[in-house]
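Q: return atomic coordinates for the entry below.
(2 chains)
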Amino acid sequence: MSAGISNTQTWGRLFRRVLLPIFLVLTLISVGGFYYNRWIRGYYNEQANLETKPLGPEFFIRVDTNGSSSPDEVYTWVDYNAQTTLMAVNAVDMQQMLEARGHVKRAEITKEFPDELRIQLYERQPILALATQEAGSDIIFWGVDAEGVVFKPIQENFVAEMRLPFLDGIALDAIEDGVTEIVGVTSVYELLSNAKLNLYHYFQDIRTISLEQFYFGEPELGSIIITRGDTYKKVIFATQGLSDQIERFRELLTISGDRELDLTQEIDFSINQDVIIRKASEE
Amino acid sequence: MAGSKIIGALEIGTSKISVLVAEVIDAYRLNIIGRATVANTGIKKGRIEDPRAVSRCLHEAIAEAEKVSGINLKSIYLSISGSHLQGRKQIGKAQISHMAKLVTEHDVNRANEEAKRHAIDEGRVYVQFMRNPYLIDGSPVDEPYSCKGSEIQANYWAVDADEGILKEPIQVINSFMVKVDEIFLGSIASAQSVATDDEKAAGLLVIDIGAGTTDYVLYHDRYVLQTGVFDIGGDHITNDLSIAFRIAWESAENIKIQHGKAIASGTSSEDWVWMMGDLSIGDRKLPLRSIQRIINSRLEELFMMVRRSVIDVIEQQDMQCKVVLCGGVTNMTSIETLASNVLKMPVTVGRNPDWLIPELQKPELSTVVGLLQFAFADASGDIKDEPKSKGGLLGKVSSFLTR
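A: This next block holds a predicted model:
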C-alpha cells in the first residue's frame, strides 16, 4: 500500500514539475507562432497589408557637385534617413528640397535599384561676394553669380581663397536667399574681366578689387570700389542706376588707359553732376 | 543547413507565379529545396492591375515554397517585364591621366561614372546597367587596366523602369516581410538559363514569349547589345481565338494548348476540332486550319516586330546571329520553324540546364531558373570572399595562437 501511495505522489510530482511546464511552454510556442504568422507575417489574412512600408536593402547616396557643398550638407538638406529604402524615397520631393536652396541652380536625382541614389548638383558659381552686416553681428558674405542671383552665405575663407571681389552697400532689405537679382552685377563682372585683359597695367590683380560702403558723410551716396592698384584707389558708385555708372566707368577706364592718367585716384559717380575725378595731388 | 546560405527567385508572370528556394552549399554547389508554381490572376501585360489578387496568389506560392523547403524566405531575386522598361546605350569618356598614358582604376571609374550620370525622366529608376567593352582611343578592350592610350570610353546598355509600376510588385512582396535583393530583366534571366557563354559570344538573340509579354535580349561577344519588351504574348493568341470563334476565353486557351500550331500546314479544310460545350450551348466544331492561321498571323507579327527592333544592330555588328526561344508559348508546335522563316536566322527552342529535375526544365520556367543562377553566382561570390573560419576547439586554439 505504501509503495502505491509513493508511486502516485511520484507521478503527481512528475506531472507538476516536468510534464505541465513542458505542456505550457509548447502551448505558448504554438499560440505565439500562430499569431506571429497571422499578424506579423501577414499569413492567414485574406488580403495582405499593402500599406506596409517597402522593405529593401539600405541605400547609399552618391553626391556629385560642381560647387563647394559637402555630402554631409546635402544629406541634411534632403533629410536623409538611413533606415529608409530606395523605393521609399520620393525623388521629386528631394529635388524640390535641393532646388529650394538658393545656391542650387539645378538638381538631378537618379535612382539605381537596389541601393544607389545619385544626386547631381549644379551649384551657382560665385563671381562676387556680397557683404552685409547688421549691428552687433559679424559680416555675412553672400555669393552672387554671373546672373546676379544672390545665394547662400559663403565662408569668409572661401572669399579669400578664391580672391572674390566683394560688394558692400547694396540695399540690404531686398536680399533674400536665392531670390534677389542684382541688376548690373553681370556688367560689373564683364567690366572687371575686360579690365583685367585690357587695362592690366592699372589693375594688376583685378580680382582683389573690393566695393565698400561709403559711410562717411552721407550714407546714401552709394558704394565705392577700392582698388588695390596704384590708380583708382576709390571708385564711388551711387546706389541707383548701377549699370549706367558701370558703363561710364568702362568709358573712363578706356580714356584713362589711353591717356595713362596714372595719378587719378578717385572717381565719383554718386554726384549728380558729371564724374568727378580727383587726382592724388588734390587729396 | 546550418551555416549554408538560402537564396530565392521569384517570377511574377501574367499567367503564373513561380518561386524557387535553394540552399547554397558552397561556392560550386546548389541544392534546390523548395519550388512552387501557382496560377496568377491580376496581371495584364506585365503590370499589376489587381494587387489583392496578385497578393493572394503570391502568398500561396511563397507559403508553398516555404512549406516544401521548411524555411522562411527573407529575400528574393525578382524578374520584371513590361513595356515600361526602356533601354538605351550610354557612354562616358575620360582622358587618361597617367603620365605614361596607362589606364588606371581612377580613369576607368571616371568613365564609368560619366556613363551612368545621364539623367533620366522624372518618375523613372535605373534597374540594370550592362557593361559593354571599353574603348581605348576607339579600339574595344575587355579589360582596360594598363592599356595605353589617351582616352577611355565606357559603354553601357542601361535599362530604366517606371518607378510607380516597379513599386507595385515590390510592395506586394514586401507585405510578406520578404525583401527584394535584386531585380533582373526577364529576358536576361531567361538567357542565363537557356544559353551558354559560347553562344552569347558568337551572337545570340534570346526571345522569351510569355503569356502577357515578349522579352528579347541580343548578345554579342558575351555583352548585352540590346534588350526590349513587347506587350504581346500567348494571351493575345487566346484572345484572338476567343473573338474569332466567339467562344469563352478558357475554351480558347484549351484549344490553343491542345490544337495550336504555329504554321498552318498539313491540315485541310475538312479538319475540324470539337469543342465540348455545356448543356446550354452544346458541342461545337471549329475549323482547325482557321485556328492555326490565327495563331500563325499573331506569332508572325510578333517575330516581325522583334526582327525590326534588332536588325539594325545585327547588321551594324555584322553578326552571324542565332536565336533561342523560351517561355510558355514555345511549347507550341512548329514555332521554331515559323521564327526561323520570319527572323531569317537559325532558331532553336531553349532548354534549361540538364542538372535540373525534369519538372524544372520546362521552357516557361527559364526565367525563374535563370534568376536563381544569378542569385547563386552572387551568393557563391560572397562565400568565396568570406575568410574561412576554423571551427572546433582546435581551430579556436589555433586562431588564438596565431593571433
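Q: so which bits of stretch B:137-153 are buried?
A: B:144, B:147, B:149, B:151-153 (16 or more other C-beta atoms under 10 Å in any protein chain shown). Just so you know, the C-beta spots here come from the backbone N, C-alpha and C atoms, and that holds for glycine as well.
Q: counting neighbours, what do you get for the residue nearest to A:R101 when sequence neighbours are not counted?
A: Nearest residue to A:R101 in three dimensions, chain neighbours excluded: A:W77, at 6.2 Å (C-beta to C-beta, 6 or more residues apart in numbering or on different chains). Residues near A:W77, counting by other C-beta atoms under 10 Å in any protein chain shown, number 18.
Q: so what's A:W77 up against?
A: Applying C-beta atoms under 8 Å, 6 or more residues apart in numbering or on different chains to A:W77 gives the contacts A:97-98, A:101.
Q: for it, report the pLDDT, please.
A: pLDDT for A:W77: 87.
Q: redo the buried residues of stretch B:137-153 as JSON lines? Include pLDDT.
A: What follows is the buried residues of stretch B:137-153, written out as JSON lines (pLDDT from 0 to 100):
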{"residue": "B:P144", "pLDDT": "91"}
{"residue": "B:C147", "pLDDT": "88"}
{"residue": "B:G149", "pLDDT": "91"}
{"residue": "B:E151", "pLDDT": "93"}
{"residue": "B:I152", "pLDDT": "94"}
{"residue": "B:Q153", "pLDDT": "95"}
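Q: among those residues, which lie within strands?
A: B:151-153 (DSSP state E).
Q: give me the element B:E250 is part of.
A: helix B:249-259 (DSSP states H and E).
Q: just A:A107 next, same as before
A: Applying DSSP H and E, one finds A:A107 within strand A:104-112.
Q: ok, then the element right after that strand?
A: strand A:116-123.
Q: who does that next one touch, helix- and strand-wise?
A: The contact analysis (3 or more C-beta pairs under 8 Å, 6 or more residues apart in numbering or on different chains; DSSP states H and E) places strand A:116-123 against strand A:60-65, helix A:91-99, strand A:104-112.
Q: what's the last one in contact with?
A: Surrounding strand A:104-112, the residues in contact under the criterion C-beta under 8 Å, 6+ apart are A:86-87, A:89, A:91, A:94-95, A:98-99, A:117-124, A:145, B:116-117, B:119-120, B:125-127, B:129, B:163.
Q: just the buried ones from these, in ChimeraX syntax?
A: ChimeraX command restricting the contacts of strand A:104-112 to the buried ones, with burial defined by 16+ other C-beta under 10 Å:
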select /A:86,87,89,91,94,95,98,117,118,119,120,121,123,124,145 /B:116,120,125,126,127,129,163
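Q: okay, how far is it across stretch B:73-85, tip to tip?
A: For stretch B:73-85, the first-to-last residue distance is 27 Å (C-alpha to C-alpha, to the nearest Å).
Q: what residues sit buried inside it?
A: B:73, B:75-85.
Q: pull the most distant pair out of those residues.
A: B:L73 and B:S83 (29.3 Å; C-beta to C-beta).
Q: for B:S4, which non-adjacent residue is spatially closest?
A: Here the residue nearest B:S4, using C-beta to C-beta, 6+ apart, is B:E23, at 4.9 Å.
Q: following the one helix or strand the one you found maps to, which helix or strand comes up?
A: Using DSSP H and E, B:E23 falls within strand B:16-26. Scanning forward in sequence from strand B:16-26 by DSSP H and E, the next helix or strand is strand B:29-39.
Q: now for that next one, which elements pack on it?
A: strand B:16-26, helix B:51-69, helix B:366-385.
Q: repeat that with 7 Å
A: strand B:16-26, helix B:51-69 (3 or more C-beta pairs under 7 Å, 6 or more residues apart in numbering or on different chains; DSSP states H and E).
Q: those strands in the stretch 251-400 of chain B, which residues are they?
A: Under the criterion DSSP state E, counting those that start in this stretch, strands of the stretch 251-400 of chain B are mapped to B:272-275, B:284-287, B:322-326, B:347-349.
Q: B:A63: which of the ones you listed is closest?
A: Of the strands of the stretch 251-400 of chain B, nearest to B:A63 by C-beta to C-beta is strand B:322-326, at 27.4 Å.
Q: circling back: and the helices and strands packed on strand A:116-123, which is most packed in?
A: For these, the largest average neighbour count (mean count of other C-beta atoms under 10 Å in any protein chain shown) is found in strand A:104-112, namely a mean of 20.
Q: could you give the mean pLDDT of that one?
A: 90.
Q: most tightly packed of the helices and strands packed on strand B:29-39?
A: strand B:16-26 (a mean of 22).
Q: got the angle for that strand vs helix B:51-69?
A: 40 degrees (axes from the mean of the first three to the mean of the last three C-alpha atoms, to 10 degrees).
Q: describe which strands strand B:16-26 pairs with in its sheet and in which direction.
A: strand B:5-12 (antiparallel), strand B:29-39 (antiparallel) (DSSP bridges).
Q: what does that strand rub up against?
A: Contacts with strand B:16-26, where a contact means C-beta atoms under 7 Å, 6 or more residues apart in numbering or on different chains, come from B:1, B:4-11, B:30-40, B:57-58, B:61-62, B:65, B:69, B:71, B:73, B:365, B:368, B:372, B:376, B:379-380, B:383.
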